[in-house]
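In: what's the 3D shape of this:
(one chain, ligands or ions: 1)
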Amino acid sequence: MDRIRLLGLTIDRVNMDEALKFIDGMVARKKPGHVVTADASMIVIAREDPELASIVERADLVTADGAGLLWASRLFGQPIRDRVSGVDLVARICERSAEGGPSAYFLGAAPGIAEEAAEALRSRYPGARIVGTRHGYFKASEEPQVVADIRAARPDVLFVAFGIPKQEKFIQRNRDAMGVPVSIGIGGSFDVHSGRVPRAPLWMQRAGLEWLFRLMQNPGKLSKVMLLPRFVALALRVKITGR
Ligand code: UDP
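Out: Residues are numbered from 1 along each chain as shown. Here you go, the predicted model:
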């Protein structure tokens, strides 16, 4: 695997097809595993959250989700060419599921959203095996039941949409008990696939302006977007001072 160190995290330089192939291998091995989709906010959060940093270090695969990481990788002369986003991973894995590929379980987002996302993806990819859905606003005391239900559904792939770092910590804490070969934290992807949150137009995605589009849709997300200037400042400081 072509891995690079970037501002404290290890990132795999894979494109979507390579990531899907790697995930197929994890499904075949059957051992519980973890795929991380990392973005600029994760780099900033992980610097102040050693638990998150060590979870990402131990993940089987870490993809670059976001223009910020691609920019920083060029700044440090180790360009990552392709984004592999959570939104696209959900769609591509459902597409393959419909072709006899892995089954999936959708965990997270507000009540009703995971179901709506599953419906939308089943109609886009008829035959996609989505073997369970559940929202992400349960009490800590309900976690053992959530884990038991996932285990009983026996999905090949579990998508967890709680946001960073909650989803990564949930996966780490429960991976052995769930016994799912591939667990992937995917942030707000169900909100996008449910149709509740529109996807940025392609030109904005290509220009690296997806964050601006999200901010325009939901000004309440300002706190997360405010991590971007900190990410840029961090990258420039490390570039200039070397630490
Ligand atoms: N969410 C959840 N449970 C929580 C907190 C958040 O299910 O306790 C969901 C929220 O509804 C949203 C997603 O997690 O669908 C977070 O999306 P966001 O884009 O903020 O995540 P990011 O990838 O930016 O961390």
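
In: so which residues of the protein form helices?
Out: 16-29, 40-48, 50-58, 67-75, 86-98, 113-124, 143-153, 166-178, 189-193, 202-206, 210-217, 222-225, 227-241 (DSSP state H).

In: convert the C-alpha atoms of the helix or strand of the chain with the lowest mean pLDDT to PDB, please.
Out: Using mean pLDDT, DSSP states H and E, helix 222-225 stands out as the lowest-scoring helix or strand of the chain, at a mean of 74. Output of helix 222-225 as PDB, limited to C-alpha atoms (Å, rounded to 0.1, in the frame of the first residue of the first chain):
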ATOM      1  CA  LEU A 222     -19.900  27.000  11.000                       C
ATOM      2  CA  SER A 223     -18.000  25.400  13.900                       C
ATOM      3  CA  LYS A 224     -16.800  22.500  11.700                       C
ATOM      4  CA  VAL A 225     -15.900  24.800   8.800                       C
END
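
In: which residues of the chain score low on pLDDT?
Out: 222 (pLDDT under 70).

In: who touches the spatially most central residue of the chain in this structure?
Out: The centre of the chain sits closest to I186, judged by Cα atoms, centre = their mean, with a distance of 2.9 Å. I186 sits next to T37, G86, V87, L89, V90, G108, F159, V160, A161, Q167 when contact means Cβ atoms under 8 Å, 6 or more residues apart in numbering. Yep, even glycine has a C-beta here, placed from its N, CA and C like the rest.

In: any chance of these in a markdown table, with distance to P102 and neighbour count too?
Out: Shown next, in a markdown table, are the contacts of I186 (distance: Cβ to Cβ, whole Å; neighbours: other Cβ atoms under 10 Å):
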| residue | distance to P102 | neighbour count |
| --- | --- | --- |
| T37 | 17 | 27 |
| G86 | 16 | 26 |
| V87 | 18 | 21 |
| L89 | 12 | 23 |
| V90 | 12 | 23 |
| G108 | 18 | 28 |
| F159 | 11 | 30 |
| V160 | 15 | 25 |
| A161 | 18 | 28 |
| Q167 | 19 | 24 |
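
In: for these, which one is nearest S97?
Out: V90 (10.5 Å; Cβ to Cβ).

In: ok so, going back, helices or strands up against the least confident helix or strand of the chain?
Out: Under the contact criterion of 3 or more Cβ pairs under 8 Å, 6 or more residues apart in numbering; DSSP states H and E, helix 222-225 touches helix 210-217.

In: and T10, how many neighbours?
Out: For T10, the count of nearby residues is 17 (other Cβ atoms under 10 Å).

In: what of A152?
Out: For A152, the tally of surrounding residues (other Cβ under 10 Å) stands at 9.

In: gap between it and the ligand?
Out: 21 Å (Cβ to the nearest ligand atom, to the nearest Å).
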